[in-house]
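Undergrad: Below are the sequence and a predicted model; questions follow.
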Amino acid sequence: MTHVFHRQPRQPLDYAVAGKGIELFDQNGKSYIDASGGAAVSCLGHGHPVVTQAIKDQLDQLAYAHTSFFTTQVAEDLADFLQQHAPGNLDHVYFVSGGSEAVEAALKLARQYFVEIGQPARRHFIARRQSYHGNTLGALAIGGNAWRREPFLPLLVPAHHVSPCYAYRDQAPAETDAAYAQRLADELEQKILELGPENVAAFVAETVVGATSGAVPPVADYLQRIRQVCSRYGVLLILDEVMCGMGRTGHLFACSEDHVVPDIITIAKGLGAGYQPIGALIASSTIYEAVLNGSGFFQHGHTYLGHATACAAALAVQRVIQADNLLQAVRERGQQLRTGLQQALVDHPNLGDVRGRGLFVGIELVADKATKATLDPAARTHARLKKQAMANGLLMYPMGGTIDGVHGDHVLLAPPFICTERDIAAIIDRFVTTLDQVLPA
């Protein structure tokens with residue numbers, strides 16, 4: 001009997017006992033290609049010698065010191081690295097222990113910023129339906145993942161939601177990308193006007209939507225138009241790159257591809273690649289200086305802020321990505337993965353869409369290609385796919401409720417950046433085999 005409170009207590013789990021490169025191994029010696037990096041976390045795979053050595057070296061020096069007493073050189077060095085590579089005037093880094101904490105901190109910082117500058121009426125946050133921003137109460141409140149929110153609705157602060165940028169489902173057949181992007185920007189503007197611009201604090205969006213809808217990228221200049229709307233009304237733009245950032249799309253910051261600079265950006269997952277728990281928000285100089293010259297105190301905090309060992313791991317991860325030119329590799333292997341899936345499944349009756357950027361790839365499955373009708377939710381196709389894939393030695397991240405929290409099935413693939421051409425071919429082969437076993441063509 002286990003005494004661990006697992007997320008799904010009725011589901012027995014094997015033991016992961018080792019990891020090497022892109023593979024994990026269970027207690028029986030069976031190997032699995034980690035084609036989702038857990039939840040898009042293990043971007044350098046498992047057991048990377050440079051990162052593990054950096055952790056050991058930091059432990060020999062100092063494991064932890066509370067940030068109310070000290071900073072550490074490794075935290076300062078990691079912040080310098082991120083500031084140097086972040087877009088625009090994003091230049092002050094606040095370290096936390098994960099993505100939900102990063103988003104929670106971003107919401108509180110946005111609110112405090114407006115208090116500091118004498119606009120305390122700004123309290124509303126706007127996000128998008130079918131978004132996911134974390135599982136803490138604040139992050140869950142702004143998120144648009146219906147089934148995650150539903151049990152906790154009485155506990156959540158009010159938030160407001162507009163349409164996602166989901167071209168496969170929502171773009172009209174004759175509508176250009178530019179027209180679709182403008183329609184969505186207009187919808188955001190109308191929501192701000194409805195709430196009163198003087199009452200709106202921020203718009204929050206994933207640069208590339210993660211697990212809730214399966215690697216949905218923005219179209220055309222959607223994010224630039226969103227940026228313009230936010231700037232027009234003094235609303236902060238918070239981009240959530242917890243899952244899609246830190247190289248996952250082939251750019252260290254995913255929004256760089258869109259030529260957009262938010263006011264706050266949140267990162268985690270690929271920041272430390274799973275070697276230690278770490279996340280961060282990066283705020284603009286404007287926001288930082290408002291706090292610095294105002295109260296002088298960000299009224300927020302957690303015990304493990306700026307954890308020295310976690311910062312050492314993250315700095316080593318980022319230096320490896322840079323030294324080994326892995327962002328270029330992500331772009332090349334990502335193109336191979338998307339193209340290979342499209343070619344292998346072109347005739348499969350249940351393939352709806354293959355999408356994403358870099359090594360952040362979503363595959364949406366349908367009952368009918370022409371109508372895009374969804375598979376029966378009662379069939380729990382996503383769960384069957386996960387089980388069969390594990391039997392085939394493949395770890396991937398399937399989810400249901402792609403469209404509205406109930407209907408729709410997709411699979412997210414987010415393999416490590418260190419994948420070779422041969423590795424990607426193996427992932428495609430095992431995925432196609434799995435899909436044919438669960439949904440025979």
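TA: Done, it's in.
Undergrad: Touching stretch 3-20 from outside, list them.
TA: Outside stretch 3-20, the residues that touch it by CB atoms under 8 Å, 6 or more residues apart in numbering are Leu24, Phe25, Asp26, Gln27, Asn28, Asp34, Ser42, Gly45, His46, Gly47. From N, CA and C alone the C-beta is placed, and that goes for glycine too.
Undergrad: show me where the stretch 201-350 of the chain has helices.
TA: 222-232, 285-292, 308-323, 326-344 (DSSP state H, counting those that start in this stretch).
Undergrad: any idea which of these is most buried?
TA: With neighbours defined as mean count of other CB atoms under 10 Å, the helices of the stretch 201-350 of the chain peak in mean count at helix 308-323, which reaches a mean of 23.
Undergrad: helices and strands around it, which ones?
TA: Judged by 3 or more CB pairs under 8 Å, 6 or more residues apart in numbering; DSSP states H and E, the packing partners of helix 308-323 are helix 49-61, helix 73-85.
Undergrad: okay, those helices in CSV with mean pLDDT and mean neighbour count next?
TA: Output for those, formatted as CSV (pLDDT from 0 to 100; neighbours: other CB atoms under 10 Å):
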stretch, mean pLDDT, mean neighbour count
helix 49-61, 98, 15
helix 73-85, 98, 18
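Undergrad: Let me have the ones you listed in TSV, adding distance to Thr339 as columns.
TA: What follows is the helices and strands packed on helix 308-323, written out as TSV (distance: least, CB to CB, whole Å):
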stretch	distance to Thr339
helix 49-61	30
helix 73-85	28
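Undergrad: how about Pro437, what does it touch?
TA: You called it Pro, but residue 437 is Gln. Here Gln437 is in contact with Gln388, Asn392 (criterion: CB under 8 Å, 6+ apart).
Undergrad: Could you tell me whether it really is in a helix?
TA: Yes. Per DSSP: H, G, I helix; E, B strand; the rest coil, Gln437 lies within a helix segment.
Undergrad: show me where the stretch 101-250 of the chain has strands.
TA: When assigned using DSSP state E, counting those that start in this stretch, the strands of the stretch 101-250 of the chain occupy the ranges 124-128, 160-162, 200-206, 236-240.
Undergrad: Can you get me a residue count around Gln8?
TA: 7 (other CB atoms under 10 Å).
Undergrad: quick one: it and Ala211, what's the gap?
TA: Using CB to CB, to the nearest Å, we find Gln8 at a distance of 16 Å from Ala211.
Undergrad: What is the least confident helix or strand in this protein?
TA: helix 146-149 (a mean of 85; mean pLDDT, DSSP states H and E).
Undergrad: Show me what counts as buried in it.
TA: Arg148, Arg149 (16 or more other CB atoms under 10 Å).
Undergrad: got the domain boundaries for the protein?
TA: 16-48+325-438, 52-323 (automatic domain parsing).
Undergrad: Switch these over to a markdown table; also include distance to Met1.
TA: As requested, the domains of the chain are exported to a markdown table (distance: least, CB to CB, whole Å):
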| stretch | distance to Met1 |
| --- | --- |
| domain 16-48+325-438 | 17 |
| domain 52-323 | 26 |
